[in-house]
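Participant: just to be clear, the model below is a prediction. Sequence and coordinates:
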2 protein chains.
Amino acid sequence: MISATSENYLKTIHAIGGSEHSISLGALARALNLTPGTVTTMARQLADNGLVHYLPRRGIRLTDLGRTTAIQIIRRHRIIEVFLADTLGMPASDIHPEAEILEHAFSNHVINLLDKFLDHPAFDPHGSPIPEASGHIRTTSLKPLTQRPEGHRYLIHRFTRNDAEFTEWLATFGFTIGTTIGFHKWDRITGIVTLETAGGRRIQVGESAASSLLVE
Amino acid sequence: MISATSENYLKTIHAIGGSEHSISLGALARALNLTPGTVTTMARQLADNGLVHYLPRRGIRLTDLGRTTAIQIIRRHRIIEVFLADTLGMPASDIHPEAEILEHAFSNHVINLLDKFLDHPAFDPHGSPIPEASGHIRTTSLKPLTQRPEGHRYLIHRFTRNDAEFTEWLATFGFTIGTTIGFHKWDRITGIVTLETAGGRRIQVGESAASSLLVE
DNA sequence: TTGAGCATTTTGATGAATCAAAGTATCGCC
DNA sequence: GGCGATACTTTGATTCATCAAAATGCTCAA
């Protein structure tokens, strides 16, 4: 059985790109908020368990086993988040810390039953995709609003800017995950993007804010 | 924050009577499957944290704080069991080990929301009473059928499983509130409980179904 | 090509939870 | 009251995860 500590290492390595390429232990130490020495020690241990490739002074990278393990942890985390928000009614801004703990306690078996109960959600309440039990991550055609043509409506899938204030502000205009948003105009000179609510109301935001809306 | 290890000590102390009277460390060590020395060390630590009264060579007993903490852990455990069985459809025989882990990961806040979602169940799927959030344990002369001796008839007072299909099915045998039910036999191996109607007819149900009948 | 500066590893320590085995207290029996 | 059996506590170690600080290796610029 793998410890919660190891699971957090794997999750973080994956988050900072360690599935695709080798990452430095310094970067990992910063991401985990641990001292470099601690991470060096753990890197050797993870390598002994076949979860990472570790070349001293070069960096680490997840093995196939490490990657599938990391993806399962992410899957557990996101399914738990859907449960907390949709079933128990918790605000999306509160669910992350609870899921951070619960993800290590739920067995994959119970998670599969929970997934079924929730009717196999594809995205968590923050809009991040939920990997399937097989480890496969649904690839989507999501793009930032600013990479779409103007003058159309799009389905909001996810906010890449995870601050509650911003999402709550959007919600006051009815812009929530699963609803549509009108992309009226992008003034490249001023950097101002004009959005349109379902009711036809026009809202202006900066282009950086607009680009944090992933739409389909 | 209290460790999962400490929580397990408290739960076990409570289970073997340490809420009412002092219990020996030997008994605790046996119940926890740990060596006596380990338990002695931990006893001092729990006492330092104000969770138990510990008199060397005499035994330990929960403080008020220790008792309320233990009861909250039990509450979490039993609510999680109801969720696993009723919501996720797990067999009652599989839920205990999962709940044993999850009880340490669920916050009391999330548990209260889950309790609400489950409509404040009074008993877990094994028929054990679920303490209220206040720590109060509903005292009642009502008990699940499975906590009564076999070979007698009992008055049906309440169903803890309020799904219409189940109660209607029971009604076809004359089992309704206010009537009597015969508790013929409980086969602990197969988990099958044999009931007897007023007319002497034998009906077989699973133990989880039988435990949802509160009788006097 | 050489050293300065930075990243990484090593070393020695700590706290939590555990064990085995040695030491000590207590209780009941004669 | 003394002795032996039993129960409990102490002691010395171990493993896991962590830190601080010292040692080492790598890289880039002069």
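Facilitator: Now that the structure is in, tell me what you want to look at.
Participant: show me the contacts for the most centrally placed residue in chain A.
Facilitator: With distances taken as Cα atoms, centre = their mean, A:S128 lies nearest the centre of chain A, 4.3 Å away. Taking Cβ atoms under 8 Å, 6 or more residues apart in numbering or on different chains as the contact definition, A:S128 lies against A:R78, A:R158. For every residue, glycine as well, the C-beta is placed using N, CA and C.
Participant: and it, how far is that from A:V215?
Facilitator: Distance of A:S128 to A:V215, computed by Cβ to Cβ, to the nearest Å: 15 Å.
Participant: who in chain A is up against DNA strand C?
Facilitator: Counting by Cβ under 7 Å from any atom of the strand, the residues of chain A close to DNA strand C are A:24-27, A:29, A:36-37, A:39-41, A:43-44, A:56-57, A:59.
Participant: what about 6 Å?
Facilitator: Selection of chain A residues close to DNA strand C by Cβ under 6 Å from any atom of the strand yields A:S24, A:L25, A:G26, A:P36, A:G37, A:T40, A:T41, A:P56, A:R57.
Participant: quick one: the strands in chain A?
Facilitator: Taking DSSP state E to define them, one finds strands in chain A at A:52-55, A:59-62, A:143-144, A:152-159, A:180-187, A:192-196, A:202-206, A:213-215.
Participant: can you put those strands in a markdown table and add mean neighbour count, mean pLDDT and distance to DNA strand D?
Facilitator: Output for the strands of chain A, formatted as a markdown table (neighbours: other Cβ atoms under 10 Å in any protein chain shown; pLDDT from 0 to 100; distance: least, Cβ to the nearest atom of the strand, whole Å):
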| stretch | mean neighbour count | mean pLDDT | distance to DNA strand D |
| --- | --- | --- | --- |
| strand A:52-55 | 19 | 98 | 10 |
| strand A:59-62 | 22 | 98 | 11 |
| strand A:143-144 | 16 | 78 | 33 |
| strand A:152-159 | 17 | 88 | 30 |
| strand A:180-187 | 17 | 91 | 39 |
| strand A:192-196 | 19 | 91 | 39 |
| strand A:202-206 | 14 | 90 | 36 |
| strand A:213-215 | 23 | 87 | 33 |
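Participant: which stretch among the ones you listed comes nearest chain B?
Facilitator: strand A:152-159 (23.6 Å; Cβ to the nearest Cβ).
Participant: next, the angle strand A:180-187 makes with the closest one.
Facilitator: Taking axes from the mean of the first three to the mean of the last three Cα atoms, to 10 degrees, one finds strand A:152-159 and strand A:180-187 inclined to each other by 110 degrees.
Participant: within its sheet, name the partner strands of strand A:152-159 and how each one runs.
Facilitator: The pairing partners recorded for strand A:152-159 under DSSP bridges are strand A:180-187 (antiparallel), strand A:213-215 (antiparallel).
Participant: and the first one, C-alpha only, in PDB?
Facilitator: Listed next in PDB are the C-alpha coordinates belonging to strand A:180-187 (Å, rounded to 0.1, in the frame of the first residue of the first chain):
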ATOM      1  CA  THR A 180     -23.400  29.700 -22.500                       C
ATOM      2  CA  ILE A 181     -21.600  33.000 -23.000                       C
ATOM      3  CA  GLY A 182     -21.700  35.400 -25.900                       C
ATOM      4  CA  PHE A 183     -18.300  36.600 -27.300                       C
ATOM      5  CA  HIS A 184     -19.400  39.900 -28.800                       C
ATOM      6  CA  LYS A 185     -16.200  41.800 -29.600                       C
ATOM      7  CA  TRP A 186     -12.500  41.900 -28.800                       C
ATOM      8  CA  ASP A 187     -11.000  45.400 -29.200                       C
END
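Participant: show me what the nearest residue to A:K185 once chain neighbours are set aside is bridged to.
Facilitator: Closest residue to A:K185 apart from its sequence neighbours, by Cβ to Cβ, 6 or more residues apart in numbering or on different chains: A:T194 at 4.5 Å. Beta bridges link A:T194 to A:K185, A:Q204, judged by DSSP bridges.
Participant: stretch A:83-97 near chain B anywhere?
Facilitator: Yes. Stretch A:83-97 comes into contact with chain B (Cβ under 8 Å from any Cβ of the partner chain), by way of A:L84, A:T87, A:L88, A:G89, A:M90.
Participant: most neighbours among these, which one is it?
Facilitator: Counting neighbours by other Cβ atoms under 10 Å in any protein chain shown, A:L84 leads the residues of stretch A:83-97 next to chain B with 24 neighbours.
Participant: pLDDT of stretch A:89-101, averaged?
Facilitator: In this model, stretch A:89-101 carries a mean pLDDT of 93.
Participant: that one: how far from the chain's middle?
Facilitator: 13 Å (Cα atoms, centre = their mean, to the nearest Å).
Participant: where does pLDDT dip in chain A?
Facilitator: The model of chain A has pLDDT under 70 over residues A:162.
Participant: which parts of chain A sit against chain B?
Facilitator: A:84, A:87-90, A:98, A:101-102, A:104-107, A:110, A:113-114, A:117.
Participant: closest to A:T139 among these?
Facilitator: Nearest to A:T139 among the residues of chain A next to chain B is A:L114, at 23.7 Å by Cβ to Cβ.
Participant: which residue sits farthest out from the middle of chain A?
Facilitator: Outermost in chain A, Cα atoms, centre = their mean: A:I189 at 32.1 Å.
Participant: tell me how many other residues crowd A:P129.
Facilitator: By other Cβ under 10 Å, neighbour count at A:P129 equals 19.
Participant: got the contact list for it?
Facilitator: A:R78, A:A122, A:F123, A:I137, A:R138, A:T140.
Participant: now A:L28
Facilitator: A:Y9, A:T12, A:I13, A:I16, A:G18, A:V39, A:A43, A:I60.
Participant: how about A:A133?
Facilitator: The neighbourhood of A:A133, defined by Cβ under 8 Å, 6+ apart, consists of A:R75, A:N108, A:N112, A:D115.
Participant: repeat that with 7 Å
Facilitator: A:N112 (Cβ atoms under 7 Å, 6 or more residues apart in numbering or on different chains).
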